[in-house]
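S.K.: Please find the sequence and the predicted model below.
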Amino acid sequence: MRLQHFKPDQQLHGYVSKIWVFESSGRVPSEDMKLIVPNGMAKITIPFCNGVSGRNKETYNLSKESQITLIGICDIPAVVDVENDAPSGNIGIEFSPLGAYRILQLRQSEIKNRIFLFEDVFGKPARQIQEIIANTESIPQKIKIIQAYLIKLLMKSEPDPILNYCIEQIKASKGMITVNELESKTGYSSRWLYDKFIDKVGLSAKNLSSIVRFMQFYEQWAKKADYDYAKDHMYQYFYDQAHFIKEFKRFTGLPPLRFAKSDNEFGRIFYK
């Protein structure tokens, strides 16, 4: 397995958090869970070699080679696999919460935890871009083409200053800020903030904060794959052990100790 990162175009700075290319010589070993935990980002993927499947407890999707796929923001884990036991390649573009509502211009709650073919959502323009990318050999050129398309979508939308401020506060606090603090800082009620977040982020501010907080812990643990790290650092982000176990199981589907003993090299590679 090989993962390569690409720097987003300057015009997408702050809107696209990650661009990566994952390549493998064949199917990931069957003993690997192939588990992807929610990271608070909607994304699109472009399988340029082999098809890719994704499933969670709410949906399943198989994207054939070259079919651009839209994955809504998630708060549940998913399992990913390739269609055939053969070489595979997949481009991933992950949107920050700021970028998802600006670029996709969808009610984010309607795509939460769901997977769609990009053309089914965006129609003819998406099909045209998909065909151009499919007929382009160079991977960097494929990325350049999809970024140019995303920039055009971004230019058609307007920012939401209050939402942007709240998202930045959540990010800056590493998910530790409370909804009451956001109320105080913005002057808007929790109900108003809830409706705003559900519409444009897909998750409530509280839920997004939980994911951001969990990812501060998970990203470091994924690099170490050491259960002792969990015991030593859980109290930085969680009230107590019971809170940690509950949140961990919510976002991975497994209790921490069982997860630590499981093979998830595929999921860990995105954080190394």
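M.R.: Sure, I can see it. Residues are numbered from 1 along each chain as shown.
S.K.: which residues does the closest residue to D160 other than its chain neighbours contact?
M.R.: Among residues not flanking D160 along the chain, K200 sits closest, at 6.4 Å (C-beta to C-beta, 6 or more residues apart in numbering). All C-beta atoms are positioned from the backbone trio N, CA, C, and that covers glycine. The contact partners of K200, by C-beta atoms under 8 Å, 6 or more residues apart in numbering, come to A100, Y101, Q108, D160, L163.
S.K.: now do A42
M.R.: L70, I71, G72, I73, E94, F95, A100, L104, Q108, I111, G202.
S.K.: Let's have the residues you listed in JSON lines, adding secondary structure, neighbour count and pLDDT.
M.R.: As requested, the contacts of A42 are exported to JSON lines (DSSP: H, G, I helix; E, B strand; the rest coil; neighbours: other C-beta atoms under 10 Å; pLDDT from 0 to 100):
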{"residue": "L70", "secondary structure": "strand", "neighbour count": "23", "pLDDT": "96"}
{"residue": "I71", "secondary structure": "strand", "neighbour count": "26", "pLDDT": "96"}
{"residue": "G72", "secondary structure": "coil", "neighbour count": "20", "pLDDT": "96"}
{"residue": "I73", "secondary structure": "coil", "neighbour count": "25", "pLDDT": "96"}
{"residue": "E94", "secondary structure": "strand", "neighbour count": "21", "pLDDT": "97"}
{"residue": "F95", "secondary structure": "strand", "neighbour count": "23", "pLDDT": "97"}
{"residue": "A100", "secondary structure": "helix", "neighbour count": "26", "pLDDT": "96"}
{"residue": "L104", "secondary structure": "helix", "neighbour count": "21", "pLDDT": "95"}
{"residue": "Q108", "secondary structure": "helix", "neighbour count": "21", "pLDDT": "96"}
{"residue": "I111", "secondary structure": "coil", "neighbour count": "20", "pLDDT": "95"}
{"residue": "G202", "secondary structure": "coil", "neighbour count": "27", "pLDDT": "96"}
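S.K.: right, and out of those residues, which lies closest to M234?
M.R.: The shortest gap between M234 and any of the contacts of A42 belongs to I73, at 24.8 Å (C-beta to C-beta).
S.K.: Distance check, the closest one against R114.
M.R.: Noted for I73: a distance of 10 Å to R114, by C-beta to C-beta, to the nearest Å.
S.K.: Can you tell me which of the contacts of K200 is nearest K246?
M.R.: Q108 (25.0 Å).
S.K.: Tell me the spacing between that closest one and Y101.
M.R.: Per C-beta to C-beta, Q108 is found 6 Å from Y101.
S.K.: joint contacts of those two?
M.R.: With C-beta under 8 Å, 6+ apart as the test, Q108 and Y101 both reach K200, V201.
S.K.: who touches the closest residue to K171 other than its chain neighbours in this structure?
M.R.: Spatially, and ignoring its direct neighbours in sequence, K171 is nearest to V212 (6.6 Å; C-beta to C-beta, 6+ apart). By C-beta under 8 Å, 6+ apart, the contact list for V212 reads G40, I170, K171, K174, G175.
S.K.: got the contacts of A42 as a markdown table, with distance to Y271 columns?
M.R.: A markdown table is the format used below for these (distance: C-beta to C-beta, whole Å):
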| residue | distance to Y271 |
| --- | --- |
| L70 | 23 |
| I71 | 18 |
| G72 | 21 |
| I73 | 18 |
| E94 | 13 |
| F95 | 18 |
| A100 | 21 |
| L104 | 24 |
| Q108 | 24 |
| I111 | 24 |
| G202 | 22 |
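S.K.: What are the boundaries of the helices in the stretch 51-200 of the chain?
M.R.: With DSSP state H, counting those that start in this stretch as the criterion, the stretch 51-200 of the chain has helices at 97-99, 118-134, 139-155, 161-172, 179-186, 190-200.
S.K.: For the second one, which outside residues touch it?
M.R.: Taking C-beta under 8 Å, 6+ apart as the criterion, the residues outside helix 118-134 that touch it are 44, 46, 48, 66-70, 106, 111, 142, 145-146, 149.
S.K.: Pull the most distant pair out of those residues.
M.R.: Across the contacts of helix 118-134, no pair lies farther apart than F48 and L106, at 24.5 Å, counting by C-beta to C-beta.
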